[in-house]
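Student: Need coordinates for the below:
(one chain, ligands or ions: 1)
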Amino acid sequence: METEETMQDSKETPLLAGIEAGGTKYVCAVATDPAEPLLETRFPTGEPQETIEHAVAFFRDATERYGPIRSMGIGTFGPADIQPMSPGYGSILTTPKRGWAGFNVVNALRDGLGLPVPIAFDTDVNAAVVGEAEYGAAKNHRFVAYITIGTGIGAAFLHDGQIVHGRMHPEVGHMVMPDFDSAYGKATNVCPFHDSCFEGRAAGPAIEARWEMPGNDIPDDHDAWELQATYLAAGCINLTAVWSPDMIILGGGVSQKAGLLDRVRRQFEKQAGDYWSLPPLEIYLQTPTLDQRAGIVGSLALAHRLL
Ligand code: ZN
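Tutor: Here you go, the predicted structure:
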């Protein structure tokens with residue numbers, strides 16, 4: 001069952017491969033149009049070797065149906081070595097996830113597929129911002145921030161359409177944050193490194209620690225959400241002040257809370273103090289339109305960018 005290296009008619013509609021390589025599940029897909037995968041599968045992320053074998057089996061099957069894969073994009077859980085010039089490019093770095101620390105995902109896929117296809121390896125949130133910019137809420141915008149709020153807070157930036165990498169991956173979750181807790185008689189910061197940072201105050205575990213119940217169980221009209229919106233708005237204000245994006249997308253599980261986005265917009269208006277001339281906040285601050293699809297669509301879009 002070796003993969004044939006014939007070119008077939010793929011010059012006109014090159015087959016793209018994408019992997020949303022999450023810490024709990026892998027989503028693999030092939031497509032000619034990233035927004036509409038031809039074939040897709042998802043399975044739990046196990047130990048590295050078996051996970052990659054599972055992915056390779058899927059892509060071999062897809063190749064038999066649709067022809068050779070021309071490029072691949074991977075949006076991975078982290079931390080990961082995403083610097084193309086680094087000798088460890090393609091590796092997962094320090095992680096408590098069994099077997100994954102030091103494992104090179106890109107090399108394992110190349111070896112498994114036996115094909116010298118170009119592979120783009122980036123973080124899951126970077127893939128998501130590319131997906132939203134090309135096919136979702138930020139379509140046609142060049143300067144886009146995507147903040148994901150879940151068990152942690154991360155962010156990705158498109159600067160003039162290109163992913164910002166910097167020396168390390170930007171760590172928006174650890175920007176310094178004022179203490180808004182005290183107004184609510186609380187004092188919760190769960191970050192072990194900082195006295196008061198965005199993630200320590202506003203990620204899912206902070207909400208749970210502060211109100212002694214998971215965010216999912218907190219009613220929509222609870223004070224928790226006004227405080228949460230205050231923190232999220234402050235994060236957006238800081239990004240606006242530093243970097244002046246066209247729009248900010250708030251993704252991740254916490255952002256999906258009913259009514260939260262409207263509260264964030266109101267808080268933003270209050271905290272911004274009428275200083276900036278911005279697009280209407282209904283456009284400037286949004287949730288992702290691809291929802292749970294941003295990762296896989298973005299990974300396919302990363303593959304598309306390689307062609
Ligand atoms: Zn921190």
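
Student: ok now do the residue of the stretch 1-150 of the chain found nearest the ion, which residues does it touch?
Tutor: Here the stretch 1-150 of the chain gets closest to the ion at one residue, Ile149, 14.0 Å apart by CB to the ion. All C-beta spots, glycine's among them, are computed from the backbone N, C-alpha and C. Residues in contact with Ile149 (CB atoms under 8 Å, 6 or more residues apart in numbering) are 202-204, 232, 250-255.

Student: how near is it to Ala101?
Tutor: 26 Å (CB to CB, to the nearest Å).

Student: and the residue of the stretch 201-307 of the chain nearest the ion?
Tutor: Counting by CB to the ion, the stretch 201-307 of the chain gets nearest the ion through Arg201, at 9.0 Å.

Student: okay but that residue is in contact with Asn189, surely?
Tutor: Yes. With contacts counted by CB atoms under 8 Å, Arg201 reaches Asn189, the gap being 5.7 Å.

Student: overlap in contacts of these two?
Tutor: Residues touching both Arg201 and Asn189 (CB under 8 Å, 6+ apart) are Asp181.

Student: If you count surrounding residues, which of the two has more?
Tutor: For Arg201 versus Asn189, neighbours defined as other CB atoms under 10 Å are more numerous around Arg201 (29 against 20).

Student: mind pulling up the phi and psi values for the more buried one?
Tutor: Arg201 adopts backbone torsions of phi -100, psi -30, taken as degrees, to the nearest 10.

Student: cool, and Gly215?
Tutor: Backbone torsions of Gly215, given as degrees, to the nearest 10, read phi -50, psi -40.

Student: Let me know the distance separating it from Ala258.
Tutor: When Gly215 is compared with Ala258 (using CB to CB), they lie 12 Å apart.

Student: Next: Asp195.
Tutor: In this view, Asp195 and Ala258 are 32 Å apart by CB to CB.

Student: Show me what from this protein comes close to the ion.
Tutor: For the chain, the contact set with the ion under CB under 5 Å from the ion comprises 174, 191, 193-194, 197, 200.

Student: For stretch 37-54, list every residue counted as buried.
Tutor: Residues of stretch 37-54 classed as buried by neighbour count (16 or more other CB atoms under 10 Å): 37, 40-41, 45, 48, 51-52, 54.

Student: can you tell me the average pLDDT over that stretch?
Tutor: Average pLDDT, stretch 37-54: 97.

Student: End to end on it, go ahead and measure it.
Tutor: Taking CA to CA, to the nearest Å, stretch 37-54 runs 18 Å from one end to the other.

Student: so how far is that stretch off the chain centroid?
Tutor: Relative to the chain's own centre, stretch 37-54 is displaced by 18 Å; criterion: CA atoms, centre = their mean, to the nearest Å.

Student: cool, stretch 84-97 as well?
Tutor: Relative to its chain's centre, stretch 84-97 lies at 17 Å (CA atoms, centre = their mean).

Student: residues making contact with it?
Tutor: By CB under 8 Å, 6+ apart, stretch 84-97 touches 23, 45, 48, 76-83, 100-107, 119, 121.

Student: For the protein, give the helix that spans the most residues.
Tutor: helix 223-243 (DSSP state H).

Student: Tell me the strands beside the next helix or strand after that helix, with direction?
Tutor: Stepping forward along the backbone from helix 223-243, the first helix or strand reached (DSSP states H and E) is strand 247-251. The strands beside strand 247-251 in its sheet (DSSP bridges) come out as strand 144-149 (parallel), strand 285-286 (parallel).

Student: ok and the helix or strand just after strand 247-251 relative to strand 144-149, angle-wise?
Tutor: Once strand 247-251 ends, the next helix or strand along the chain (criterion: DSSP H and E) is helix 260-272. Relative orientation of helix 260-272 versus strand 144-149 (axes from the mean of the first three to the mean of the last three CA atoms, to 10 degrees): 120 degrees.
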